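Novice: A predicted structure for the sequence below; I have some questions about it.
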Amino acid sequence: MNKVFNLFRFALVSMALLLMLVGCGNDSAPVKLQGRAIGTTYSIVTYNLPENLDAHKMQQGVEQVVSGVNSVMSLFNPGSDLSRFNAYKGKDWFEVSRELALVVRTAKTISLLTGGAFDITVAPLVNLWGFGSDGRPDKVPSDEQVAAAKADIGADFVQVRIDPPALKKTKPGISIDLAAIAKGYCVDAVADWLKQNGVSDFMVEIGGEIRTGGTKPGKAPWVIGVEKPTPGGRSVQAVIELSGRAMATSGDYRNYFEAGGKRYSHIIDPVSGKPVSHNLVSVSVVEETCSMADALATGLMVMGPEQGIRLAKKNKLSAFFIVKTVDGFAETATGNFPEHKTLK
Ligand code: ADP
Ligand code: MG
């Protein structure tokens, strides 16, 4: 368990598998980097480095970006912007870094779009159900405990200002947990650094959330696998081409606990105050940025198969839903989700 960024400790195993088709008839060797980021791992693949950049320099640059994100968003660093804002109980504007203000703004946009299903103020419930820093509960929380935790939840109680960047809470008990969007945000930050440093063809993956730029050599597209939603082995459910875009996946098949024969997911419905319990097992979303994809995937996962698919269709979101059926899994693709090949 990673204590440095314990918040993300459940995300150690990625939810999407990368199919990196190395070679493919051309002779340029890929440059691959790996390391740790926000409680999980990162991997980067690129083929052409600009003249002033070698793999070592690139790794240093990436590590700097990653530690920058940690210093802004980690709840296990009491000095991070986010921890300081959570500790602040006043109602005035609280100055934070521009990055934090931007990611909170994106989160609020997705809250609005998903009718409150995605909510970065859900921490009291996450803790109550044993997915926060307090560890697993001995028994299932009572309705009274759920109601008490819900009193301090609501994305509307957080306001954002970008210029100069600041956050404000209109209820002192409110705290922010960016677990469901920070991996995507970190992918975007690394992708931006790569582009700014002349790397235009790349694939960045952090804890299963992915963004690609350009193509592989010979204009070949990047090919990404969507993981089969089973807790045990890791195999691929479907394969898509993803160039110049991001994909994030939310699923309830890895991170859960069982009590009395029932499975409790780490994804909490802020309306019921309980872990989601429906037969939607995984949602993957393709978007321009990985922050948006990450937040949307979690929001749609909360909404479940009927409401989630309805919202995705209505708003032309590019999403891929895997629903558990009596004899296997049923897939639904919406919007412009890339044409995919299902692997049996
Ligand atoms: P994963 O870690 O599986 O990639 P997600 O991106 O879906 O997961 O984020 C899940 C985490 O987000 C949970 O562990 C919890 O900390 C937090 N969370 C749970 N429910 C919600 C919700 N309704 N809105 C926003 N964040 C949530
Ligand atoms: Mg997410």
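Specialist: Noted; the coordinates are in hand. Numbers count the residues shown, from 1 in each chain. Ligands and ions are numbered 1, 2, ... in the order given.

Novice: Residue 132 and residue 323, how far apart?
Specialist: Distance of residue 132 to residue 323, given as Cβ to Cβ, to the nearest Å: 28 Å. Quick note: C-beta positions are derived from backbone N, CA and C, even for glycine.

Novice: Spell out, range by range, the helices that occur in the stretch 201-344 of the chain.
Specialist: Counting by DSSP state H, counting those that start in this stretch, the stretch 201-344 of the chain has helices at residues 290-314.

Novice: number of nearby residues for residue 61?
Specialist: 17 (other Cβ atoms under 10 Å).

Novice: Confirm it sits in a strand?
Specialist: No - secondary structure of residue 61, determined by DSSP: H, G, I helix; E, B strand; the rest coil: helix, with no strand assignment.

Novice: Tell me, what's the model's pLDDT at the residue lying closest to residue 243 once chain neighbours are set aside?
Specialist: In space, and not counting its chain neighbours, residue 243 is closest to residue 221: 4.8 Å by Cβ to Cβ, 6 or more residues apart in numbering. Per-residue pLDDT puts residue 221 at 93.

Novice: Spit out the contact partners of residue 221.
Specialist: The contact partners of residue 221, taken as Cβ atoms under 8 Å, 6 or more residues apart in numbering, are 215, 241, 242, 243.

Novice: for residue 127, what are its contacts?
Specialist: Residue 127 is in contact with 133, 134, 149, counting by Cβ under 8 Å, 6+ apart.

Novice: cool, and residue 166?
Specialist: Residues in contact with residue 166, defined by Cβ under 8 Å, 6+ apart, are 93, 94, 95, 96, 101, 160.

Novice: again, but for residue 106
Specialist: Counted by Cβ under 8 Å, 6+ apart, residue 106 has contacts 181, 185, 289, 291, 292, 295.

Novice: from those, which is closest to residue 269?
Specialist: residue 295 (15.4 Å; Cβ to Cβ).

Novice: Run a quick neighbour tally on that closest one.
Specialist: Other residues near residue 295 come to 32 when the count uses other Cβ under 10 Å.

Novice: and the residue nearest to it when sequence neighbours are not counted, how many neighbours?
Specialist: Residue nearest to residue 295 in three dimensions, not counting chain neighbours: residue 110, with 4.0 Å by Cβ to Cβ, 6+ apart. For residue 110, the number of neighbouring residues by other Cβ under 10 Å comes to 24.
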